[in-house]
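Chemist: Please work out how this folds:
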Amino acid sequence: LVPVLTKDLEHHSSKTVIYRLRCLAGAVKSAGKSILKHKEAIKSAIKYALSAHNDKHVFKTGCKLLRHTISSQCGVYPVDSDASPRFRDPENADQYSLGRSAQLHKDSILWHIPSGEQIDFAVELIRIFTFEGLRKLGGISNDDFEEIGFDQAE
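Modeler: Residues are numbered from 1 along each chain as shown. Alright, predicted model coming up:
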């Protein structure tokens, strides 16, 4: 899905770009590690939306994509589509009892736990798109980059 949504963004209308970026933002929202194999395409889509386009709606959608990508890479969230806790009625083991308290330790909810590579990707996105933007605006200097432990932005 990522290659289709990120292909040739510069050759499409603003409406098409916004639609594709929104779809991509929704796709990456809880995609976990699978994003890593498409990180260059995602970075280029964000870069295009934030810098190569004058449309404020494209820019805003690019910000949403950046936010969802960073969140999905360094956040802890349930992986299943139906990850709500359930309480089984002891009398009807096949039935869930709605409206009763659940005990999380008995539920089989799978959680996304970020890997080191995912954290590194999130930090890279922050460095490229946040700190570099602040540096261009004069809000952060090259000395500040060194002080917080980042190499100077590319």
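Chemist: which residues does residue 25 contact?
Modeler: 61, 64-65, 68-69 (Cβ atoms under 8 Å, 6 or more residues apart in numbering). The C-beta positions use only the backbone N, C-alpha and C, and glycine is treated the same way.
Chemist: Turn the residues you listed into JSON lines, columns for neighbour count and secondary structure.
Modeler: JSON lines is the format used below for these (neighbours: other Cβ atoms under 10 Å; DSSP: H, G, I helix; E, B strand; the rest coil):
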{"residue": "61", "neighbour count": "24", "secondary structure": "helix"}
{"residue": "64", "neighbour count": "17", "secondary structure": "helix"}
{"residue": "65", "neighbour count": "26", "secondary structure": "helix"}
{"residue": "68", "neighbour count": "20", "secondary structure": "helix"}
{"residue": "69", "neighbour count": "25", "secondary structure": "helix"}
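Chemist: Now flag whichever of those residues is closest to residue 126.
Modeler: Residue 126 lies nearest to residue 69 out of the contacts of residue 25, by Cβ to Cβ, at 10.5 Å.
Chemist: before we move on, the earlier item: just the contacts of residue 25 now: which is nearest residue 40?
Modeler: Of the contacts of residue 25, the one sitting nearest to residue 40 (Cβ to Cβ) turns out to be residue 69, at 12.5 Å.
Chemist: That closest one and residue 78, how far apart?
Modeler: To residue 78, residue 69 is 18 Å away according to Cβ to Cβ, to the nearest Å.
Chemist: got a markdown table for the contacts of residue 25, with pLDDT and distance to residue 127 too?
Modeler: A markdown table is the format used below for those (pLDDT from 0 to 100; distance: Cβ to Cβ, whole Å):
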| residue | pLDDT | distance to residue 127 |
| --- | --- | --- |
| 61 | 94 | 22 |
| 64 | 95 | 19 |
| 65 | 96 | 17 |
| 68 | 96 | 18 |
| 69 | 96 | 14 |
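Chemist: okay, and the helix or strand of the chain with the least pLDDT?
Modeler: strand 88-89 (a mean of 55; mean pLDDT, DSSP states H and E).
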